[in-house]
Each structure stands twice: as C-alpha cells, then as structure tokens.
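Asker: sequence unavailable; structure follows:
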C-alpha cells in the first residue's frame with residue numbers, strides 16, 4: 001500500500017496510465033514465461049531462454065507504449081479543463097480502455113496456445129483470414145478442441161471480470177496536481193512513450209526482425225506478443241497489391257496457358273507449386289560454392305562499358321574475366337526488391353517486396369533453402385543492421401543458417417551511418433570463407449557504402465573529387481573495395497571451387513517523366529570464378545533470371561518454383577529475352593530488345609518501342625504480348641497469395657486451386 005501511495009502521488013493524474021502500462025507488461029511477460037516453460041525442449045540453451053525474455057520485454061514495451069499513448073493525451077486534456085463532466089468522461093474512458101485492452105491481450109495470449117499447436121507460430125495474418133469464415137472455423141474448433149475452448153473461455157471471463165473490477169477500484173481516484181505540473185510532466189511522458197514505440201535510438205524503428213535470432217520460427221515468435229503479431233500482420237496486409245484489382249483480371253485457364261508458354265512448364269505443373277527443372281551446366285560436374293555480392297545502388301550510369309561514367313575500373317577489369325550481362329535490368333527501385341529477385345527468383349508485384357510481407361516469412365522459396373537441402377552451409381554477410389527492412393527475419397525463416405552483421409565486427413576500419421565500410425565487409429567475408437570449407441557454402445554479401453549520406457574512408461588511389469561525401473566518391477570507393485576482395489579471393493583456397501555473382505540491387509535514383517524510366521533500371525551483372533570462361537550475354541535479362549542461372553553453372557540441377565530463365569539452359573538458348581520492371585504501381589515487361597508493355601492501374605496495357613533513351617508508342621498493339629504480361633502479373637501474385645511459391649507440394653492448396661479454376665470455368 002505504501003508503494004502504491006507513493007506511485008499515485010508521484011504520477012498524480014497519470015497514475016492510471018502507468019498502471020495500465022505495467023499491467024500489460026505483466027500480462028505479456030507471464031504468458032511468455034508459460035510458453036517458454038511449455039516449449040523449453042525447443043529452446044535448447046538457457047541463454048536462449050533469457051534472450052527471448054529480453055526480446056519479449058522489448059516487444060511488450062512497444063505494444064504497451066502504443067496502447068498508452070491515447071489515454072496520456074486524454075488525461076492531459078480532460079484533467080486540464082475545468083468542466084463538471086470532464087472527470088466523469090475520464091472515469092468512463094479509462095475503465096473502458098483498461099478493460100478492453102487487458103481483455104484483448106488476454107484473449108490473444110489464451111488463443112495462442114492452440115494456434116501454436118496447429119501452426120507452430122504465434123497468431124498472425126492467418127488468424128485474421130480465418131475470421132472471414134466464422135461458421136467453419138468455430139465448428140472445427142468446438143469439435144476438435146472443445147475442452148480447451150471451454151477452459152479458455154472461462155479464463156477469459158474471469159480476467160475480464162477482474163479487470164473491470166480492478167479498473168473501477170484503482171483507476172478512477174487519483175491524486176490532484178496543478179496545471180503547471182501536468183504541463184511539465186506531459187512532454188516527458190510523451191517522450192518516453194515515443195521512445196518506447198520506436199524501441200531504438202537509431203533511425204530504424206522496431207519491427208519483428210529485431211527479435212529474430214533463430215531458424216526455428218517459433219523461437220523468434222515467442223519474442224513477440226500475440227496482440228502485436230496480429231496487429232502488425234493486419235498492418236502489413238495493406239502492402240499486398242493484388243494485380244487483378246489494379247490492372248484487371250483474366251480467366252484462370254487463359255492465365256495458365258500464357259504462363260505455360262512463358263516458362264515452358266506444363267499447365268498441370270502450374271496448378272500446384274511450379275516445378276521448373278534447372279539443368280546443370282557445370283563443366284566438371286562438381287557442385288561449387290556460390291557467393292552473391294549484391295552491390296548497393298550501382299546503376300549502369302556509373303559503368304563505362306554500359307554507357308555510363310568511368311567510375312568502376314575494378315569491375316570493368318573483372319568483366320573481361322567472366323560472363324558479363326550487357327542488358328540486365330533490376331526488378332525495382334528498392335534493396336528488398338533486389339533481394340527478392342536474386343535470392344528467391346520471385347518477380348515483382350504492385351505491393352511490397354516479399355521480404356516484408358506476412359505469408360513469405362517462413363516456407364517461402366529461396367536458393368538458400370534449396371542449397372541447404374543439397375548439403376550447403378548458408379549465410380548472409382552484411383556490414384549494417386540486418387534488422388533493417390526485415391531482412392534477418394525473412395532470411396532466418398527461409399533457409400539462411402548464419403547471419404553476420406554490424407555487431408560481429410570487432411575493430412572495423414571505418415563505420416558509417418549504414419554500418420561498417422565495404423572493405424571491412426569483404427575482409428570479414430574472406431575470412432569466413434577461408435575458415436569454413438568443411439562443406440560447400442552459399443553466401444549473400446550485401447554492401448552499403450554506396451548509400452546516402454555516402455560516408456566512405458579514404459582510398460590509396462584517391463577520390464573522384466576533392467569532396468568526401470558524394471555519390472561518385474562512394475561508387476569509386478565501392479568499386480575499389482570490390483577489387484580488393486577479388487584480389488584476395490583469387491589467391492584463396494576457395495577461388496577455384498566458387499562461382500561469384502556480382503550484381504546491383506537497383507540503380508541509385510530511379511526517376512523520370514516516362515511511365516517506366518527503363519534506362520534507370522539497367523544495372524551491371526557479372527558471373528565470375530574459377531574455371532568460368534569469359535563471355536558477354538547480349539540478350540535482355542532480368543534479375544529473376546540470375547538465381548536459376550547461378551545454380552546451373554554451379555553444377556546443381558533440380559526442380560524449383562522460380563519462373564526466371566536459366567541462360568545456360570537448352571530451351572532458353574532460343575529465347576529472345578524478357579525483363580520485368582516495377583515502378584511504383586506501374587509494371588513493365590520488356591520482350592526481346594525493344595518491345596515494352598506497361599500495365600497501369602485502371603487502364604488498358606500500353607505498348608511502346610524502347611529506343612534506348614526514350615519510349616515511342618507503337619502503331620499496332622500486340623495483344624498476345626499484352627495478355628502475357630497481365631497473365632504473368634496475376635500468376636505471380638497467385639503464387640504468393642496461395643502459398644505456392646515453395647518446393648513442397650501441399651495437396652490441400654493444390655485442391656483449392658483446382659476448385660477455383662473449375663469455378664472460373666463455370
């Protein structure tokens with residue numbers, strides 16, 4: 001009672017909000033300790049137990065800060081006005097707010113028990129989708145889990161009753177304070193709530209990736225709470241742009257026929273997860289290590305041999321030693337688009353990248369997962385914070401075994417806003433590859449030095465200009481660091497048995513007054529390594545063509561859901577080339593050397609000739625190409641939405657697709 005009195009006096013009118021905050025933290029923590037105890041055999045080590053507890057406290061603070069923000073504003077306003085109804089309004093509001101969120105949080109934590117048993121994750125967007133079918137879902141739950149439902153219902157009723165009773169008893173009567181006190185305390189509380197919501201002093205606010213540390217998705221999810229998990233999933237659902245609602249729909253059979261022509265896959269193999277065979281083109285028949293170097297913002301405009309400025313002399317030298325792409329195009333304008341394409345081979349959609357979307361956080365195809373099944377160790381090596389853009393969560397859920405990021409560099413040469421320098425990154429990667437050769441390895445290296453504000457260390461060769469911070473200096477430094485890495489790699493014990501892909505994630509700035517500024521999507525690409533013969537690939541190619549081609553030349557074969565073209569495959573040798581470009585809500589398809597189809601929201605597809613610098617409207621439209629572009633866009637979203645972009649065939653989903661196709665025929 002003494003502590004309660006001190007707290008009430010210190011917090012005064014804000015005491016109710018403080019009590020709500022602490023109650024939420026206590027509720028979430030109690031539930032998490034129960035689940036950690038129940039699934040202790042999954043946790044493995046005692047330090048994982050405490051890691052999840054600490055991660056959970058961080059998530060719970062974010063959640064409680066969001067919930068408490070409204071009553072903080074309400075109490076300041078209502079307790080500052082001299083009106084006879086102000087106290088009554090506040091009393092009603094805080095009782096309702098407290099009881100509602102304690103009940104909602106309790107309901108989600110109670111529902112979590114059975115949800116985890118069924119899906120091995122906390123409630124997420126699937127929980128929301130099932131609410132659309134209450135009759136079927138509740139019937140299934142009552143028949144299969146009657147006792148658990150009854151017990152959970154009784155527990156929830158008790159919690160609701162107790163929360164109402166407690167809120168009426170403890171929340172309404174508070175110590176009075178002066179207006180000056182309220183005015184001085186209000187910004188302090190707002191500041192702490194703001195920091196609680198962000199949960200970071202850096203420029204990246206909290207997201208679920210911050211609590212991800214394991215390939216076991218459940219362990220990562222236990223660091224969340226279920227109220228946050230469901231609300232975050234609902235929030236992210238707005239990012240899933242359905243092409244049928246944006247560009248127009250098409251009969252499913254027509255879609256399947258056109259995609260079959262595009263990919264060379266039989267129609268029956270498109271109704272379940274796509275099975276496209278990759279044939280090995282490795283000369284010696286051995287499976288080689290694979291390293292993808294994803295260069296930040298390195299557009300063709302900086303590469304002399306691609307028509308840009310001569311800012312990449314090291315890359316130019318390397319281009320004559322491997323397979324160089326003359327007409328390679330990025331799929332989008334953000335790093336996550338580049339990651340999506342080169343790691344998953346997944347085409348772009350009008351929504352956000354699958355790196356961020358809910359349905360792709362586990363079980364979504366990546367070449368890391370494919371290679372892991374083939375005995376490879378898999379890693380992501382980055383100089384910055386891997387939580388950014390949800391990368392760590394996506395990677396750990398989809399085949400990556402090890403994440404190396406900024407915290408793993410003990411004494412870096414240079415540290416910028418975005419992390420350690422590219423040279424530090426490449427030194428770390430070289431050391432890691434040299435020491436880990438007990439089995440074949442795959443690694444994604446993601447650079448960051450060529451990123452605003454362009455903070456880079458000095459170079460022996462000097463800068464492009466006298467000013468240190470500029471995009472041209474950053475490009476020149478990134479190229480220098482790349483050259484140093486390959487100097488080391490060529491002298492290493494892994495060079496002869498490794499295939500490297502050097503490719504940009506996107507151009508530095510993509511803008512223009514055209515529907516699709518095609519030239520701003522052009523990027524360099526190079527496949528190089530021990531035993532690879534120099535060549536120039538002159539056909540139009542997309543980032544989604546790189547992963548199947550890379551697997552092929554590294555000596556691997558097998559079925560994957562990737563629709564991209566293996567440029568070394570027998571079928572693709574007669575293919576004229578194709579690239580998919582996403583520019584905000586516009587989606588472009590380049591066929592051959594110059595034909596561009598542009599899909600726009602609410603409009604008929606427009607067709608152009610790409611002259612190399614500008615777009616020229618064609619006199620006669622090719623309706624077959626326009627239909628093929630729309631079909632590919634619809635099919636791509638279908639793969640994501642129906643959880644089909646994976647290797648394992650799910651009979652229930654395949655059946656659902658067949659039923660939908662039959663319904664479309666009727």
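Answerer: It's in. Everything quoted here is computed from the prediction, not taken from an experiment.
Asker: grab the nearest non-local neighbour of the residue most central in space within the chain.
Answerer: Here the mean C-alpha position of the chain is nearest to the C-alpha of residue 355 (C-alpha atoms, centre = their mean), at a distance of 2.0 Å. Spatial nearest neighbour of residue 355, excluding adjacent residues (C-beta to C-beta, 6 or more residues apart in numbering): residue 336 at 4.2 Å. Using the backbone N, CA and C atoms, a C-beta is placed for each residue, glycine as well.
Asker: ditto for residue 192
Answerer: residue 65 (8.0 Å).
Asker: kindly report the same for residue 315.
Answerer: Excluding the flanking residues, the one nearest residue 315 by C-beta to C-beta, 6+ apart is residue 479, at 5.6 Å.
Asker: check which helix or strand covers that neighbour.
Answerer: helix 471-490 (DSSP states H and E).
Asker: now that helix: buried residues?
Answerer: If you call a residue buried by 16 or more other C-beta atoms under 10 Å, then helix 471-490 has these buried ones: 471-486, 488-489.
Asker: for it, what is the average pLDDT?
Answerer: Mean per-residue pLDDT for helix 471-490: 95.
Asker: the helix or strand that that helix is followed by - contacts with which helices or strands?
Answerer: Using DSSP H and E, the helix or strand that follows helix 471-490 in sequence is strand 498-504. Packing contacts for strand 498-504, counted by 3 or more C-beta pairs under 8 Å, 6 or more residues apart in numbering; DSSP states H and E, involve strand 289-295, helix 471-490, strand 525-529, helix 546-553.
Asker: between strand 498-504 and helix 471-490, how many degrees?
Answerer: Here strand 498-504 points in a direction 180 degrees away from that of helix 471-490 (axes from the mean of the first three to the mean of the last three C-alpha atoms, to 10 degrees).
Asker: each with direction, which strands does the very next helix or strand once past strand 498-504 pair with?
Answerer: Following strand 498-504 in sequence order, the next helix or strand is strand 522-523 (DSSP H and E). Sheet partners assigned to strand 522-523 using DSSP bridges are listed as strand 323-329 (antiparallel).
Asker: tell me the domain ranges of this protein?
Answerer: 2-237, 276-533+546-560 (automatic domain parsing).
Asker: return the distance of the first one from the chain's centre.
Answerer: Right, the one you point to is domain 2-237. Counting by C-alpha atoms, centre = their mean, to the nearest Å, domain 2-237 is centred 25 Å from the centre of its parent chain.
Asker: any stretches of the stretch 451-600 of the chain with poor pLDDT?
Answerer: Within the stretch 451-600 of the chain, the stretches with pLDDT under 70 are 466-468, 511-513, 571-572.
Asker: thought residue 501 was touching residue 545?
Answerer: No: counting by C-beta atoms under 8 Å, residue 501 stays clear of residue 545, with 11.3 Å between them.
Asker: more neighbours: which of these two?
Answerer: residue 545 (31 against 24; other C-beta atoms under 10 Å).
Asker: hmm, that one is touching residue 564, no?
Answerer: Yes: when contacts are counted by C-beta under 8 Å, residue 545 is listed as touching residue 564 (4.3 Å).
Asker: returning to that earlier point: roughly how far apart are the residue nearest to residue 192 and residue 281?
Answerer: Distance, residue 65 to residue 281, using C-beta to C-beta, to the nearest Å: 54 Å.
Asker: right, and the helix or strand after whatever helix or strand residue 42 lives in?
Answerer: Secondary structure from DSSP H and E places residue 42 in helix 40-43. As assigned by DSSP H and E, the chain's next helix or strand after helix 40-43 is helix 46-78.
Asker: now that following helix: buried residues?
Answerer: 48-49, 51-53, 55-56, 58-69, 71-72, 74-76, 78.
Asker: so where is the stretch 201-350 of the chain shaky, pLDDT-wise?
Answerer: Using pLDDT under 70, the stretch 201-350 of the chain drops low at 202-203, 215, 239, 283-285.
Asker: mind doing that once more with 90?
Answerer: For the stretch 201-350 of the chain, the stretches with pLDDT under 90 are 201-220, 232-242, 245-246, 261-276, 279, 281-287, 333.
Asker: can you give me the helices for it?
Answerer: Assigned by DSSP state H, counting those that start in this stretch, the stretch 201-350 of the chain shows helices spanning 217-221, 226-237, 243-246, 252-263, 313-319, 335-339.
Asker: dump the ones you listed into TSV; add mean neighbour count and distance to residue 464 as well.
Answerer: Output for the helices of the stretch 201-350 of the chain, formatted as TSV (neighbours: other C-beta atoms under 10 Å; distance: least, C-beta to C-beta, whole Å):
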stretch	mean neighbour count	distance to residue 464
helix 217-221	22	43
helix 226-237	20	40
helix 243-246	18	41
helix 252-263	18	42
helix 313-319	18	11
helix 335-339	24	23
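Asker: just to revisit the earlier point, tell me which other helices or strands the helix holding residue 479 touches.
Answerer: Partner elements for helix 471-490 (3+ C-beta pairs under 8 Å, 6+ apart): strand 289-295, helix 313-319, helix 422-435, strand 498-504.
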